[in-house]
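Colleague: need a structure here:
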Amino acid sequence: MLLLGGRIVDLQARRLIFTGGLMLITAASAFNGAARNHTSLIVGRAVQGLGAALLVPAALSLLVTTFPEGRERNLARGAWSAASAAGGSFGLLLGGVLTQTREWRRERHERAARQSASSRPVDAETCTRDAHFGITGIPFK
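Modeller: Residues are numbered from 1 along each chain as shown. The predicted structure is shown next:
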């Protein structure tokens with residue numbers, strides 16, 4: 001699915017695919033929070049995977065086209081790789097803890113709220129001019 005997502009990003013607008021993937025993951029998280037049986041939860045997780053297959057190649061493509069070649073792009077790629085590795089590792093651990101210690105539906109609704117709050121658009125000029133990136137990847141001045 002990642003290869004297909006990468007090809008779609010190559011053929012379509014990067015930002016549109018990035019936003020669409022993020023919204024797909026957010027909607028699937030809300031759907032999972034309302035799931036009443038195992039089948040609907042599995043379908044929701046599959047839709048989240050589809051959204052991630054669109055989001056990841058679009059994010060990397062935006063990163064590569066936003067930063068100029070050289071040191072800045074290498075630093076951005078390193079930060080993106082570190083955030084991806086940390087998110088994958090801690091996501092598995094914390095996801096298990098959250099679902100064991102709290103009600104899993106509540107965790108899904110909270111994830112959907114966090115994702116919709118983080119989907120604010122940022123223009124490329126702000127990213128390259130004088131913005132610094134935080135741990136979340138969201139630029140701040």
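Colleague: for the lengthiest helix in the chain, name the packing helices and strands.
Modeller: In the chain, taking DSSP state H as the definition, the longest helix is helix 71-101. Contact analysis of helix 71-101 by 3 or more C-beta pairs under 8 Å, 6 or more residues apart in numbering; DSSP states H and E lists helix 38-66, helix 104-117 as its packing neighbours. Bear in mind the C-beta positions are built from the backbone N, C-alpha and C, glycine included.
Colleague: and that helix, how far out from the chain's middle?
Modeller: 11 Å (C-alpha atoms, centre = their mean, to the nearest Å).
Colleague: so for it, mean pLDDT?
Modeller: Helix 71-101 shows a mean pLDDT of 84.
Colleague: ok, now stretch 37-53?
Modeller: On average, stretch 37-53 scores 90.
Colleague: mind listing what's buried along it?
Modeller: For stretch 37-53, burial by neighbour count (16 or more other C-beta atoms under 10 Å) applies to 41, 44, 47-48, 50-53.
Colleague: just stretch 84-104 next, same as before
Modeller: Those would be Leu98, for stretch 84-104 by 16+ other C-beta under 10 Å.
Colleague: export that stretch to CSV, keeping only CA atoms.
Modeller: The C-alpha coordinates for stretch 84-104 follow below in CSV (Å, rounded to 0.1, in the frame of the first residue of the first chain):
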residue,chain,number,x,y,z
SER,A,84,9.0,8.0,12.8
ALA,A,85,11.1,5.5,14.7
ALA,A,86,10.1,7.0,18.0
GLY,A,87,6.5,7.1,17.1
GLY,A,88,6.5,3.5,16.0
SER,A,89,8.2,2.3,19.1
PHE,A,90,6.4,4.3,21.7
GLY,A,91,3.1,4.0,19.9
LEU,A,92,3.1,0.3,20.3
LEU,A,93,4.1,0.5,23.9
LEU,A,94,1.8,3.3,24.9
GLY,A,95,-1.1,1.9,22.9
GLY,A,96,-1.0,-1.3,24.8
VAL,A,97,-0.8,0.5,28.1
LEU,A,98,-3.7,2.9,27.2
THR,A,99,-5.9,0.0,26.1
GLN,A,100,-5.2,-2.0,29.2
THR,A,101,-5.5,0.8,31.8
ARG,A,102,-8.3,3.0,30.2
GLU,A,103,-11.3,2.2,28.1
TRP,A,104,-10.1,1.8,24.5
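Colleague: that'll do, ta.
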